[in-house]
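Novice: Here's my sequence, what's the structure:
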Amino acid sequence: MAWDFLVAKSNLRQGEFRDATLPELSDGEVRLAVESFALTANNITYAVFGEMMRYWDFFPAAEGFGRVPVWGFATVEASHHPDIAVGQRFYGYYPMSSHLTVQARKTRSGFADVAAHRQHLAVVYNQYAAVEAAVEADDGLEALRALLQPLFITGFLIDDFLDEHAMFGARSIILSSASSKTAIGLAFLLKQRGGAKVVGLTSARNVAFVEALGFYDQVVTYDAFPTAPIETPAVFVDFAGDAGVLGAVHGRFGEDLAYSCLVGGTHWEAERGAGDLPGPKPILFFAPDRVKKRQEDWGPGGFETRYGAAWSAFVADATRWLKVETGHGHEAIAATYSAVLEGRAGPETGCILRT
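Specialist: This is a model prediction of the structure:
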């Protein structure tokens, strides 16, 4: 039976499973059965910014509802495409659903979904990569890929952006939501690069975890931030999306803040935006635009080579601090979504859900 997990756009706590109808396939179309996907705070950010950043547009749903995008694996269940066979597996961007029907265009690494409703959206999300058969993919790396790769690539791009600009002359790079997996990836890269101190802002309950990572030179709680000794000039990378935190950083540093970068919304219920702020205007970082730029700058295969080297180093260390937990079926999906939404999922765990 086909199904969708739908979330009310006006109330992210309202989620429900609904039966879905599988359409008849036209020429070039492929139906994929979703096997598994990761669920992290990043997916909540997709929902929070669903309207503004058009994340809801990837997988249309009933009026007033959305299908939260996730990263995972699926198997071809039916195909009307000559180059894509039943039984092939693909990693990519899926809805929280049992199935996805795509209009496939073959690519070097897999296929792109060229369905009309996705043509105005960021190309990077429309790419699906061929992967090994499920029986061969039992080394745990698939789980880490679904959990960390979409987040790490954002950290990789921010690190590259900051490096291109010589860290804006900063002596400290401050990351909010320091326990979030995207922030962890960026902190890992910044620590390797050296130079500016990496400062993590986090809640009191996550201090021990963040310190144990070894990627942050300094860990500061939000409460202690106003008086904590932090070297300036500073750059702020905001994964929290919390107006209070953003205002506090700008209010403290003012013109000593060399750059302010907006990335995520892990504090999803907090007020966003902070009006007129001292110091530089916060700039939204949109990863797909940076991917496009670097693909052009670095030529064929250049981006993949650089990113692949960074990813290999990061994922090799991930099992030291990340424990993968797996759930099966509707009950587990609903419970995990609620836990991640409400912040009950600890930063030391990663949730993989099997349909």
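
Novice: any idea where the strands of the stretch 251-355 of the chain begin and end?
Specialist: 257-262, 283-284, 323-328, 349-354 (DSSP state E, counting those that start in this stretch).

Novice: Least reliable of those by average pLDDT, please.
Specialist: The minimum mean pLDDT among the strands of the stretch 251-355 of the chain belongs to strand 283-284 (a mean of 90).

Novice: What residues sit buried inside stretch 219-232?
Specialist: 219-222, 225, 230 (16 or more other Cβ atoms under 10 Å). (Glycine included, C-beta is placed from N, CA and C.)

Novice: what about it, distance to the chain center?
Specialist: Relative to its chain's centre, stretch 219-232 lies at 26 Å (Cα atoms, centre = their mean, to the nearest Å).

Novice: Same check on stretch 103-123?
Specialist: 20 Å.

Novice: repeat for stretch 36-53
Specialist: Computed by Cα atoms, centre = their mean, the chain-centroid distance of stretch 36-53 equals 7 Å.

Novice: Dump the strands of the stretch 251-355 of the chain to a markdown table, plus mean neighbour count and distance to E296.
Specialist: A markdown table is the format used below for those (neighbours: other Cβ atoms under 10 Å; distance: least, Cβ to Cβ, whole Å):
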| stretch | mean neighbour count | distance to E296 |
| --- | --- | --- |
| strand 257-262 | 22 | 22 |
| strand 283-284 | 11 | 21 |
| strand 323-328 | 13 | 36 |
| strand 349-354 | 20 | 33 |
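
Novice: Out of those strands, which gets nearest to N206?
Specialist: strand 349-354 (12.4 Å; Cβ to Cβ).

Novice: Quick check: neighbours of that closest one in the sheet, parallel or antiparallel?
Specialist: strand 29-39 (antiparallel), strand 323-328 (parallel) (DSSP bridges).

Novice: just to revisit the earlier point, in JSON lines: the strands of the stretch 251-355 of the chain, plus distance to A310.
Specialist: Shown next, in JSON lines, are the strands of the stretch 251-355 of the chain (distance: least, Cβ to Cβ, whole Å):
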{"stretch": "strand 257-262", "distance to A310": "19"}
{"stretch": "strand 283-284", "distance to A310": "23"}
{"stretch": "strand 323-328", "distance to A310": "21"}
{"stretch": "strand 349-354", "distance to A310": "19"}
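
Novice: Looking at these, spot the one closest to E132.
Specialist: For the strands of the stretch 251-355 of the chain, proximity to E132 was assessed by Cβ to Cβ; strand 349-354 is nearest, at 16.7 Å.

Novice: so how far is the closest one from its chain's centroid?
Specialist: Put simply, strand 349-354 sits 14 Å off its chain's centre (Cα atoms, centre = their mean).

Novice: do the same with stretch 31-51
Specialist: The answer for stretch 31-51 is 9 Å, by Cα atoms, centre = their mean.

Novice: from the buried residues of stretch 219-232, which single one is nearest I184?
Specialist: V219 (12.2 Å).

Novice: tell me the angle the lengthiest helix in the chain makes with strand 349-354.
Specialist: When the chain is parsed with DSSP state H, its longest helix is helix 141-164. With axes from the mean of the first three to the mean of the last three Cα atoms, to 10 degrees applied, the angle from helix 141-164 to strand 349-354 works out at 130 degrees.

Novice: buried residues in helix 141-164?
Specialist: Applying 16+ other Cβ under 10 Å to helix 141-164 flags 142-162 as buried.

Novice: What of stretch 96-113?
Specialist: Residues of stretch 96-113 classed as buried: 96-104, 110-113 (neighbour count, 16+ other Cβ under 10 Å).
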